[in-house]
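# Okay, predicted coordinates and the sequence, questions at the end:
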Amino acid sequence: MKPGDLVGIILYSLILIFTIVQLIRFYIYKKINPYNLLQIQFHVLVLFFLIGRIIWLALNNVKNANALLKFILNRFAYLSFFTSFTLLVFFWAEISHGLISGANQTSLKKLKIPFFIANAVLYLYTLICAIVFDFTHSEIEDILI
């Protein structure tokens, strides 16, 4: 195992433990309001990112690992990280809008649709790339054999 991969697995595992502890705390206290719901969503997305990265780093050191599986783990881990980041940006936009406009209700319904569309397009694009990657990868293997 390469030292960089081992260090990455260790660091991601430590962050994973802290994330799981935080999710357990949310479950124990059961204080659900819109702000805690956002925190739970953020932690779940970070959890997906960390699990994907740990498995991907572990598979990097397996000689006969499926290339498509490694591609999907790598891409979808980053997409969950991107989604968590856009979720935070959306939340900050709601807070800023509420502070500037002085409104009690800080819903920005017009921004929710682009948020979902941007994330859905990126996930769909990655899925299409994975299908194309698998198709071309199998063609290359057929040519080489």
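The structure has been received and is ready for your questions.

# Which secondary structure element is home to L37?
helix 34-59 (DSSP states H and E).

# buried ones in that helix?
Judged by neighbour count using 16 or more other CB atoms under 10 Å, the buried positions of helix 34-59 are 42-43, 45-59. Bear in mind the C-beta positions are built from the backbone N, C-alpha and C, glycine included.

# again with stretch 77-92
Using 16+ other CB under 10 Å as the test for burial, stretch 77-92 gives A77, Y78, L79, S80, F81, F82, T83, S84, T86, L87, F90, F91.

# what helix or strand is the first one on?
In other words, A77. helix 67-101.

# Centre of the chain to that helix, how far?
7 Å (CA atoms, centre = their mean, to the nearest Å).

# And it, what does it pack against?
Packing contacts for helix 67-101, counted by 3 or more CB pairs under 8 Å, 6 or more residues apart in numbering; DSSP states H and E, involve helix 34-59, helix 109-144.

# where in the protein is pLDDT low?
Within the chain, the stretches with pLDDT under 70 are 31-35, 102-109, 137-145.

# Repeat the analysis, applying 80 as the threshold.
Where the chain drops to pLDDT under 80, the residues are 1, 29-37, 65, 93-112, 133-145.

# In it, which residue is most central in space?
With distances taken as CA atoms, centre = their mean, the residue of the chain nearest its centroid is S80 (1.4 Å).

# That one against H43, yeah?
No - S80 lies out of contact with H43 (CB atoms under 8 Å); the separation is 11.4 Å.

# Distance to G4 for the buried residues of stretch 77-92 - can I get that in TSV?
What follows is the buried residues of stretch 77-92, written out as TSV (distance: CB to CB, whole Å):
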residue	distance to G4
A77	17
Y78	18
L79	23
S80	22
F81	19
F82	23
T83	26
S84	24
T86	28
L87	29
F90	34
F91	33
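
# Go ahead and confirm T83 touches A118.
No - with contact defined as CB under 8 Å, T83 does not count as touching A118 (9.3 Å).

# What's the local residue count around F133?
Neighbourhood size, F133 [other CB atoms under 10 Å]: 15.
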